[in-house]
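# build me a model from this:
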Amino acid sequence: MTQQLDDHWFTEVFDSHGSAFSLKISEKLLDVQSPYQHLEVYATQTYGNLMVLDGCVMLTDRDNFLYHEMMSHPALFTHADPRRVVIIGGGDCGTLREVLKHPGVEKVTQIDIDEEVTKASERFFPALTSSNDDPRAELLFEDGVKWIDTAPAESVDIIIIDSTDPVGPAEGLFKVDFLAKCHRLLRSGGVMVQQSESPLYHSTTIIRELRADMRKAGFDSVATLPFPQPVYPSGWWSATLAGKGMDVNVFREDAAARADLALDYYSVELHRGALVLPPFMRHQLAD
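Below you'll find the predicted structure:
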């Protein structure tokens, strides 16, 4: 992926797939080189503020709810009784906010290596960080892979891997040995969810390999849920769930239907439909 910028447009080019995505910008609000990545924030004319890491679009005000709701609520309504949640990555804190909408959750620990992302979100995306002061939230700025190494076995109900693409600081989060460590950390009945890139561009590579590695790591079931994400490559994204001693293709439909969580995308009907993959994905992901 490459970044192109003139005075009026931000463009992310996906050379490998011969496509690009552009947003008309008003001004650059932030430009920071952290120890880990290049962070930029722009004001756009139609999508609100835009966050970019190493030239790749991370989120906008206008459509981030799609990603954050699908990275959190399917897993939380799949687990029988989620109380202890860990988020690896997620420095913009949007997923943290969604998890904390569930009153039964007792503690959420978020581990992101780059504090600059959270600082930028507090300044330019305050709605996403509105739950950071919740007493159930613990924010750590360190290496999530190393944190997982030392965490007690069978101490967590849900692990959410809210990472960037599988390159640079996030590369280790897609490896089978890391997935096995996550399996060790989960209690029986636990759920792991990993952002898993574009169904259109990556079904036969990243998604297929991730599902296979989850099974190699000891997980008993997997499910990939596609959802729209206009600002990401192809405009279509996915989250892949894995279950320890449980089936992630079944969820608590009654609880999801009763929940009053002020959501913009997720619903019981949406979750049910997302579990039904289109034929091309069923063919490409067949075990």
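# neighbouring strands of whichever strand in the chain runs longest in the sheet, and parallel or not?
In terms of residue count, the longest strand belonging to the chain (DSSP state E) is strand 19-33. Using DSSP bridges, the strands paired with strand 19-33 are strand 9-14 (antiparallel), strand 38-44 (antiparallel).
# ranking these by burial, who's on top?
Of all the strands paired with strand 19-33, strand 38-44 carries the top mean neighbour count, a mean of 19, counting by mean count of other CB atoms under 10 Å. For every residue, glycine as well, the C-beta is placed using N, CA and C.
# quick one: mean pLDDT for the helix or strand that that strand is followed by?
Once the chain leaves strand 38-44, the next helix or strand it forms, by DSSP states H and E, is strand 49-53. Averaged over strand 49-53, pLDDT sits at 97.
# look up phi and psi at residue 241.
Backbone geometry at residue 241, expressed as degrees, to the nearest 10, gives phi -100, psi 150.
# so what's it bridging to?
Beta-bridge partners, per DSSP bridges, of residue 241: residue 193, residue 223.
# now for it, how many residues are close by?
Close neighbours of residue 241, defined as other CB atoms under 10 Å, add up to 25.
# now the helices: where do they sit in the stretch 151-287 of the chain?
Taking DSSP state H, counting those that start in this stretch as the criterion, the stretch 151-287 of the chain carries its helices at 176-185, 199-202, 208-216, 253-258, 268-274, 279-284.
# Throw those into TSV and include mean neighbour count, thanks.
TSV is the format used below for these (neighbours: other CB atoms under 10 Å):
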stretch	mean neighbour count
helix 176-185	19
helix 199-202	20
helix 208-216	18
helix 253-258	14
helix 268-274	15
helix 279-284	12
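# need those in JSON lines (columns: mean pLDDT and distance to residue 223).
Shown next, in JSON lines, are those (pLDDT from 0 to 100; distance: least, CB to CB, whole Å):
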{"stretch": "helix 176-185", "mean pLDDT": "96", "distance to residue 223": "15"}
{"stretch": "helix 199-202", "mean pLDDT": "95", "distance to residue 223": "13"}
{"stretch": "helix 208-216", "mean pLDDT": "96", "distance to residue 223": "9"}
{"stretch": "helix 253-258", "mean pLDDT": "97", "distance to residue 223": "15"}
{"stretch": "helix 268-274", "mean pLDDT": "97", "distance to residue 223": "9"}
{"stretch": "helix 279-284", "mean pLDDT": "92", "distance to residue 223": "11"}
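# to residue 24, which of these lies closest?
Nearest to residue 24 among the helices of the stretch 151-287 of the chain is helix 199-202 (24.4 Å), distances taken as CB to CB.
# break the protein into its domains for me.
Using automatic domain parsing, the domain parsing of the chain gives 2-60, 64-284.
# which of the ones you listed sits most buried?
Comparing the domains of the chain by mean count of other CB under 10 Å gives domain 64-284 as most buried, with a mean of 19.
# quick one: end-to-end length of that one, please.
28 Å (CA to CA, to the nearest Å).
# how far is it from where the chain is centred?
Put simply, domain 64-284 sits 5 Å off its chain's centre (CA atoms, centre = their mean, to the nearest Å).
# what do you get for stretch 40-53?
The answer for stretch 40-53 is 19 Å, by CA atoms, centre = their mean.
# spell out, range by range, the helices that occur in the stretch 1-150 of the chain.
64-70, 73-78, 94-99, 115-124, 144-150.
# related to what we said a few turns ago, how about the strands paired with strand 19-33 in CSV, adding distance to residue 225?
Shown next, in CSV, are the strands paired with strand 19-33 (distance: least, CB to CB, whole Å):
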stretch, distance to residue 225
strand 9-14, 22
strand 38-44, 28
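# of these, which is nearest residue 21?
Among these, the nearest to residue 21 by CB to CB is strand 9-14 (5.2 Å).
# what angle sits between that closest one and strand 49-53?
Going by axes from the mean of the first three to the mean of the last three CA atoms, to 10 degrees, strand 9-14 is angled at 40 degrees with respect to strand 49-53.
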